[in-house]
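Asks: Give me coordinates for this.
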Amino acid sequence: MKKIIEYLRLILFMIGVLVGIQAPSVVDQYGKRLQSQLTESKLSLSAFQGDADRYFGGSIDKLIAYYQGNDDPVFNDAGKNVEQLMLRQIALSTAWQQFSANEYSPYVQFIFDPMSDIKTQVLAQYTYSIVLNSQAIVIGVIAGGLLAAVAECVLMLFWQMLRLMRRMIFGPVQRRRSI
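Replies: Predicted structure coming up:
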């Protein structure tokens, strides 16, 4: 039984390592997708920014207000669309700045504050790969160790609960005296 538990612990550790090794690649793909969508957003807004530069002193907010203040529903809706493009670009730009702030910020953003649509796309289209760089190895070993430790704690807690239930049902264990 002890050998089986040791093998289970080893298997859980390896699963944790394999999952952890994927983390840098997933985060890298998230960053590339974030950057490409920011570039696309800037490109989509550039024509409207050109109009804002020509007619409103570079203020896209004034261009949007002009469109939305127009009685024509087509212009009014166009103003809403331009505003959505601008808000999307601001959100993507903020996310990109947070992502590229330092070495650990990509992981923090991906785990705690991702752009949900981009994260969903990355996870849906992610192809598993093993990139053996220092980050992947460190994250893999940490993930493996954490998974093995958590599993060990859960098993110990379960074992203690079983022992407690046994004592409650059958009473304390009587030790045999040797003669």
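Asks: So which elements touch the longest helix anywhere in the chain?
Replies: As assigned by DSSP state H, the longest helix anywhere in the chain is helix 2-55. Using 3 or more C-beta pairs under 8 Å, 6 or more residues apart in numbering; DSSP states H and E, the elements in contact with helix 2-55 are helix 60-69, helix 73-99, helix 105-112, helix 116-125, helix 134-170. From N, CA and C alone the C-beta is placed, and that goes for glycine too.
Asks: Which among these is found nearest to residue 35?
Replies: Closest of the helices and strands packed on helix 2-55 to residue 35 is helix 73-99, at 6.3 Å (criterion: C-beta to C-beta).
Asks: Buried residues, that closest one. List them.
Replies: Going by neighbour count (16 or more other C-beta atoms under 10 Å), the buried part of helix 73-99 is 78-79, 82-83, 85-86, 88-89, 92, 95-96, 99.
Asks: how much space between the nearest residue to residue 55 once chain neighbours are set aside and residue 78?
Replies: Spatially, and ignoring its direct neighbours in sequence, residue 55 is nearest to residue 63 (7.1 Å; C-beta to C-beta, 6 or more residues apart in numbering). In this structure, residue 63 and residue 78 are 10 Å apart, going by C-beta to C-beta, to the nearest Å.
Asks: circling back: between the helices and strands packed on helix 2-55, which gets the lowest average pLDDT?
Replies: The weakest mean pLDDT among these belongs to helix 134-170, with a mean of 86.
Asks: What's the local residue count around residue 71?
Replies: Here the number of neighbours of residue 71 (other C-beta atoms under 10 Å) works out to 6.
Asks: That one is in what secondary structure piece?
Replies: Using DSSP states H and E, residue 71 is not contained in any helix or strand.
Asks: Can you tell me how far it is from residue 137?
Replies: For residue 71, the distance to residue 137 (C-beta to C-beta) stands at 63 Å.
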